[in-house]
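Chemist: Quick one: sequence plus predicted model below, questions after.
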Amino acid sequence: MKFTDPLPTPDEMALWDQTTIRDFGLRQEVLMENAGRAAFSVLEKEFGPVSGKQALVFAGSGNNGGDAFVVARLLAGGGANVLVLHARQKKRYAGATAYNLRLVRKLNLSCAYLPGRDLNSPPKPDIIVDGLLGTGFQGNLREDYEAWVRAINRLGKEAFVLSLDIPSGLDGLTGVPCPIAVRADVTATFEAAKLGLAMPLAKEFTGQVRVCGIGIPETIKEKHPAECGLLTRAVAKLLPLPDPDMHKGGAGHVLVVGGSLGLTGAPLLAALGALRCGCGLATVACPGKLAAEVKAANPDVMTWPLGDKETWSELLADVIKERLPQFQAVLIGPGLGRGPGAQKFLTALLAMQLPKTILDADALYWLAQDKSLFEKIGRDVLLTPHPGEMARLTGKTTPEVQEDRLALARAYAREKNIILILKGPGTVIAHPSGNTFLSPFTIPNLAVGGSGDVLAGILAGLTAQGLSPLDAACLGVYWHGRAGEILESEYPYRGNLASEIPHILPEGLKDLRHT
């Protein structure tokens, strides 16, 4: 089942191009023409008629510049007044890019060499086409390119800016400006959105991203698949429709292990997440003296009082062992606490034969404290750290984690042989195989205490219903994001509660399945 759009890295995209030219026999000039025509179509759709408009086209020294030359030619054909500013001397262009420059010159379009141009006084444009740098750009902008990017941004305050493939200055792998980038109104990206375009930091620069096919054969993309995919609404199809004869026991039973003094809300939110995603039963196992506090908040959640105290101990793990076969999934960690008894309890519990397992919150804290605990967990365990918890697990700082979230998540999942969900804007799901999945959501309304507990509960509820851990991760992350999107429409300035997220889930799924 296809539920992602490919997010190729610059290297993966280059391989698609090279293989299309070398093995399939499609010429570079054809791909460039297709790219330019597709970008021009986006321009007409988003901006409108170009006749009589002043267009300023920035063309770089590589293939991105060639795409810009094609757009310049089409702008002129549409009646626009075009000035082409090129970053390389005309005689130094090569290949398909030189070919398209020659076509521009045959039309007698106004052209100027950028280094010799006074960018403080260009004609006031209605349209700016940014074709300076493509997705292969890395490192920091050279001084001259940085000046040109600043000029585009200055002029772009009163003009429509179209970036070709990626805004110049953005890293095509990480989406980070280096150190600045063009601020586009629309980015026409070719064949597939590149990985960097889908990263949260890139959204400030890309504007609307429009994917334009340029003729790369599907067989080539299938033979050389991108390792990362962007989750789409089709992921909702992973959850089978309810059986008319279903009973509560057949819909899965989740065990949430957590809760401590002052933290009884966390396991309750997780249990509600499990129930609202369709799980039949959810039980919170907690220290005995806290069970009434958990139960009082919601009658739909069952409790399992362990012992007669308000703290965890190693002995409580033996109590759980007796009933483990009753549960299809176990979530460990919400509100577990950081007392010494919690550590001993967790160590003993992980040594048992557990059902499908999700480790969250304080369970991750103890994993970071005692790396030997990883030897006790299985391959398909789901770990759900936020950036701070990921920093603790890896020994890095939170800013270091955020610098390249996807690469770090991928490396960690491979090293520990687990499925990792690195939460935050653009949540990353990493599988030990190296495959990664990116959430399209960056929702401020989900940045509220308890939101992660709800997500962990959703994951547990979906695995209890029979989904594989990876499918549960993909569906759970997307569904949680969609619930946040609905809350954002109701609370545009935030103010929603984490306890409202579970109750939005059924509406969110209905929306995903039926629209």
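Modeler: Yes, it's here.

Chemist: Can you list the residue ranges for strands in the stretch 201-350 of the chain?
Modeler: Secondary structure of the stretch 201-350 of the chain (DSSP state E, counting those that start in this stretch): strands at 208-212, 228-231, 253-257, 281-287, 302-306, 329-332.

Chemist: want to throw these into CSV with mean neighbour count, distance to residue 107 and mean pLDDT?
Modeler: For glycine as for every other residue, the C-beta is placed from the backbone atoms N, C-alpha and C. Output for those, formatted as CSV (neighbours: other Cβ atoms under 10 Å; distance: least, Cβ to Cβ, whole Å; pLDDT from 0 to 100):
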stretch, mean neighbour count, distance to residue 107, mean pLDDT
strand 208-212, 17, 23, 97
strand 228-231, 22, 38, 97
strand 253-257, 30, 67, 98
strand 281-287, 26, 68, 97
strand 302-306, 20, 75, 96
strand 329-332, 30, 65, 98
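
Chemist: Quick one: closest of those to residue 45.
Modeler: Evaluated with Cβ to Cβ, the strands of the stretch 201-350 of the chain place strand 208-212 nearest to residue 45, the distance being 8.2 Å.

Chemist: Surely residue 495 is in a strand?
Modeler: No - per DSSP: H, G, I helix; E, B strand; the rest coil, residue 495 lies outside any strand segment and is coil.

Chemist: sorry, back to before: any chance of CSV for the strands of the stretch 201-350 of the chain, columns distance to residue 395?
Modeler: Formatted as CSV, those follow (distance: least, Cβ to Cβ, whole Å):
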stretch, distance to residue 395
strand 208-212, 35
strand 228-231, 25
strand 253-257, 27
strand 281-287, 31
strand 302-306, 33
strand 329-332, 23
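
Chemist: Among those, which comes closest to residue 40?
Modeler: Residue 40 lies closest, by Cβ to Cβ, to one member of those: strand 208-212, at 9.8 Å.

Chemist: Which strands or helices does the closest one pack on?
Modeler: Counting contacts by 3 or more Cβ pairs under 8 Å, 6 or more residues apart in numbering; DSSP states H and E, strand 208-212 is packed against helix 28-47, strand 186-190.

Chemist: list the buried ones in the shortest one?
Modeler: Neighbour-count burial for strand 186-190 flags 186, 187, 188, 189, 190 (criterion: 16 or more other Cβ atoms under 10 Å).

Chemist: Report how many residues lie close to residue 64.
Modeler: 28 (other Cβ atoms under 10 Å).

Chemist: What distance do you get for it to residue 168?
Modeler: 8 Å (Cβ to Cβ, to the nearest Å).

Chemist: End to end on stretch 47-66, go ahead and measure it.
Modeler: Across stretch 47-66, the terminal residues are separated by 22 Å (Cα to Cα, to the nearest Å).

Chemist: can you give me phi and psi for the closest residue to residue 220 other than its chain neighbours?
Modeler: Excluding its sequence neighbours, the residue lying closest to residue 220 (Cβ to Cβ, 6 or more residues apart in numbering) is residue 19, at 5.1 Å. Backbone geometry at residue 19, expressed as degrees, to the nearest 10, gives phi -70, psi -40.

Chemist: Now for residue 64 and residue 168: what residues contact both?
Modeler: 131, 132, 133 (Cβ atoms under 8 Å, 6 or more residues apart in numbering).

Chemist: Where does the last one sit, in terms of helix or strand?
Modeler: When secondary structure is defined using DSSP states H and E, no element contains residue 133, which sits outside every helix and strand.

Chemist: Spit out the contact partners of it.
Modeler: 60, 62, 64, 145, 166, 168, 169.

Chemist: What is the burial count for the first one?
Modeler: So that's residue 60. 25.

Chemist: can you check the fourth one too?
Modeler: By other Cβ under 10 Å, the residues close to residue 145 number 22.

Chemist: and if you look at residue 237?
Modeler: 14.

Chemist: what is the mean pLDDT for stretch 310-317?
Modeler: Mean per-residue pLDDT for stretch 310-317: 95.

Chemist: Next, the distance between the ends of it.
Modeler: Stretch 310-317: ends 15 Å apart by Cα to Cα.

Chemist: how close does residue 465 sit to residue 273?
Modeler: Counting by Cβ to Cβ, the gap from residue 465 to residue 273 is 13 Å.

Chemist: More neighbours: which of those two?
Modeler: Neighbour tally, residue 465 and residue 273, criterion other Cβ under 10 Å: the higher count belongs to residue 273, 36 against 22.

Chemist: Now do the contacts for residue 60.
Modeler: Residue 60 neighbours (Cβ under 8 Å, 6+ apart): 68, 87, 88, 131, 132, 133, 134, 168.

Chemist: show me what contacts the residue nearest in space to the middle of the chain?
Modeler: Closest to where the C-alpha atoms of the chain average out (Cα atoms, centre = their mean) is residue 438, at 2.9 Å. Neighbouring residues of residue 438 by Cβ under 8 Å, 6+ apart: 7, 195, 198-199, 228-231, 406, 426-429.

Chemist: So which of those is the closest to residue 79?
Modeler: Nearest member of the contacts of residue 438 to residue 79, counting by Cβ to Cβ, is residue 198, at 35.2 Å.
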